Each structure stands twice: as C-alpha cells, then as structure tokens.
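Undergrad: sequence and computational prediction follow.
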Amino acid sequence: MARPDPTRRALLASLAASPAVMLGARPSLAQEAAATGAGLISPNVCMLATEVTEGPYYTDPELVRADITEGKEGAAMDMMIQVVDAACQPLAGARVDIWHCDAQGNYSGYANQGSDGTVDTSAETFLRGTQIADERGIVTFQSIYPGWYRGRTTHIHHKVFVDETNVLTGQIFFPDALSQYLYDNVPPYNDRASARDTVNANDHIAEDAGEGAYAAVREAPDRYVATLVIGVDPTAVSQGGGPGGDGQPGEPPPEGGPPPGEGEAPQGNLGGNSAGPATLVPGQE
C-alpha cells in the first residue's frame, strides 16, 4: 500500500476536493486535519481571492484595533482572516482593514443612513478597524454579526494592503440560514419592519466573488467565530478594485436606496432561503 504523501501539495489537494466547505457546510475531520497540517485557520483552498467592488463608505480612520464594536448591539462575532499567497505561505505584516454595517444596516462615518435616509453617523467610527497580520498571516477583529440593507446580502468589506501598490479589495459572505435565523429571532436584528430582499444566491457581487469568499462560521460559548483564508498575489499591482476602488469615500445613497456602488436588488426568486434550525444563539439569552 502506498504511503500518504505528507507534502503541502497533498494537503492542499485534499482540501480542494470539497468546495462545499466554503459554502458553510461543516468540513470533515480529514479536511480539518489537512487544513491544520497546511497551517490554515479555515479549510478553504488557498486560491487567489477575486477582487470585487469596494462598495460603500470606505474610510481610513487610522484605528488600529482589534475590538471594533464601540458598543453596537448584536450577536458577538470574532472575524479571523489569514492572509497567504497561492502556495499558502503566510504574508506576515500585511495590513487588513474591515468595515461593515450594524444590525440596522447602517455604516459609520456618513450622513443619510437608514431606510429613510435620516440617520447621521458622520461623527462615529463603529464597526471599522485595522490590524497587522502576525507571523502566521492572521488578524482577528472582535465585532458583531453584520446586518443587512436593501439590495445586498450579508457581507463584510475588506482591504488587504501588501504594500503601497498592492491592495486587494474584497467582501466576505456568510451562510444564509444563519443570517436569516438571526434576523428573524434575535434583537436588535429582528426590530426592523421590512424583510431583506437579497440573499447569497441573487447577489451579483457574491456571485462575482465566488465560493472562496464565504467564511466558515462556528459557535463558541459566547460568540460566533468566522474564519476565512484570503489568497493574495504578492507581485500584483492593484487596478482600483471596481467602483470606488481609489479609496475615496462614497457619496451618500439616495433616500431609501442602497449605498452607492452596490446596485439595485436583483429581481426574481430570493434563492429559496428559509430560516435555519432553532438552535441557541451564542451570547444571547
């Protein structure tokens, strides 16, 4: 009987065999072992991440911090990101920025937020932060599970800065069943009068980003832990990252509409989404 090949190539090949892992399905013990053997925090393949539109409201408030909640209510979540190259070698020292909306779908730092365009968060910096990757290429942000706004599925924005000319702009996506359960059952997500109109299956940016942009999410005693491995080409030169990709702040959205650069909600079926199983939510009574 041939002995298993212990090389990194073999480990990565075993991970590549199951793309379902990236869609939120629980990985097998063999896949978890392969990921650990390759030095990964999540059993998704070390493919190069697809750059997508920056979307709304990127700013650089120079907030190097791990805890970005600033008292915002919601289901506690750690967002762990590991930056690697295509061979799964960590890119220590890479800068990672993330930003996302709160449970009501509002971003910090701008006026004209909210479904009626009247919320002013221009003096606030909640749910934004910067971290520098450690020797394993890992950053961890303490945050909350993101909310939603019209025309987009659940997501977190990120920028990975390798150097002054190499900046990867992308978005991170989450399992629809978990999102729907939180939005239907957990305050303050369930305080909203309207239902979300877009899920992963009909979000064109999620489609462009591909399966490698989906976080793996697990429950800890008092929070969720989301992990994602982001593959970056260290020799690339950024081309702007789509609309708003020059890093300039976006314009305020039209009243009641989605933020700029996000587009209108696609028409048609909502992807057959339904609420997830009624399990306990970490950190919630």
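TA: Noted; the coordinates are in hand. Residues are numbered from 1 along each chain as shown.

Undergrad: how many other residues sit next to Y189?
TA: By the criterion of other CB atoms under 10 Å, Y189 has 26 neighbours. In this view, the C-beta of every residue, glycine as well, is placed from N, C-alpha and C.

Undergrad: quick check on it: phi, psi?
TA: Dihedral pair for Y189: phi -60, psi -40, per degrees, to the nearest 10.

Undergrad: swap in V160?
TA: Torsion angles, degrees, to the nearest 10, at V160: phi -110, psi 120.

Undergrad: which residues sit in contact with it?
TA: 83, 94-96, 167-168, 170, 230, 232 (CB atoms under 8 Å, 6 or more residues apart in numbering).

Undergrad: is it true that P61 touches D97?
TA: No - at 9.7 Å, P61 and D97 do not qualify as touching, with contact defined as CB atoms under 8 Å.

Undergrad: how about the strands in the chain?
TA: 76-84, 95-99, 128-132, 138-144, 155-163, 166-173, 216-219, 224-231 (DSSP state E).

Undergrad: any chance of a markdown table for the ones you listed, columns mean pLDDT?
TA: Listed next are the strands of the chain as a markdown table, based on pLDDT from 0 to 100:
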| stretch | mean pLDDT |
| --- | --- |
| strand 76-84 | 95 |
| strand 95-99 | 96 |
| strand 128-132 | 96 |
| strand 138-144 | 97 |
| strand 155-163 | 93 |
| strand 166-173 | 91 |
| strand 216-219 | 92 |
| strand 224-231 | 93 |
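
Undergrad: pipe those strands into CSV and attach distance to R196 per row.
TA: Shown next, in CSV, are the strands of the chain (distance: least, CB to CB, whole Å):
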stretch, distance to R196
strand 76-84, 18
strand 95-99, 20
strand 128-132, 22
strand 138-144, 17
strand 155-163, 12
strand 166-173, 14
strand 216-219, 18
strand 224-231, 19
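
Undergrad: looking at those, which is closest to V237?
TA: strand 166-173 (6.4 Å; CB to CB).

Undergrad: returning to that earlier point: by neighbours, which of the contacts of V160 wins?
TA: Going by other CB under 10 Å, V83 tops these with 28 neighbours.

Undergrad: need the contact list for that one.
TA: 90-91, 94, 96, 133, 137-139, 160, 230, 232.

Undergrad: cutoff 10 Å now
TA: Residues counted as contacts of V83 (CB atoms under 10 Å, 6 or more residues apart in numbering) are 49, 90-96, 133, 136-139, 158, 160-162, 168, 228-232, 234.

Undergrad: that older thread, hey, what's in contact with both of P61 and D97?
TA: Contacts common to P61 and D97, judged by CB under 10 Å, 6+ apart, are 128-130.

Undergrad: which regions of this protein lie under the pLDDT threshold?
TA: In the predicted model, the chain carries pLDDT under 70 at residues 1-56, 115, 238-285.

Undergrad: mind running it again at 80?
TA: Applying pLDDT under 80 to the chain flags the ranges 1-56, 86-87, 114-117, 236-285.

Undergrad: tell me, how many residues neighbour H155?
TA: With other CB under 10 Å as criterion, H155 counts 26.

Undergrad: could you measure from the nearest residue in space to it that is not next to it in sequence over to F141?
TA: Spatial nearest neighbour of H155, chain neighbours left out: Q171 (4.7 Å); criterion: CB to CB, 6 or more residues apart in numbering. Applying CB to CB, to the nearest Å, the value for Q171 to F141 is 15 Å.

Undergrad: and for Q131?
TA: For Q131 relative to F141 (CB to CB), the value is 7 Å.

Undergrad: what of V225?
TA: 11 Å.

Undergrad: more neighbours, the two?
TA: Legend: neighbour count by other CB under 10 Å for V225 and F141, higher for F141 (26 against 18).

Undergrad: any idea what the more buried one is bridged to?
TA: M79 (DSSP bridges).

Undergrad: mind listing what it touches?
TA: Per CB under 10 Å, 6+ apart, neighbours of F141: 65-69, 77-81, 96-98, 100, 127-131, 156, 158, 226.

Undergrad: do the same with T235
TA: Counting by CB under 10 Å, 6+ apart, T235 has contacts 85, 162, 166.

Undergrad: which among those residues gets closest to A213?
TA: Nearest to A213 among these, with distances taken as CB to CB, is D85, at 17.3 Å.
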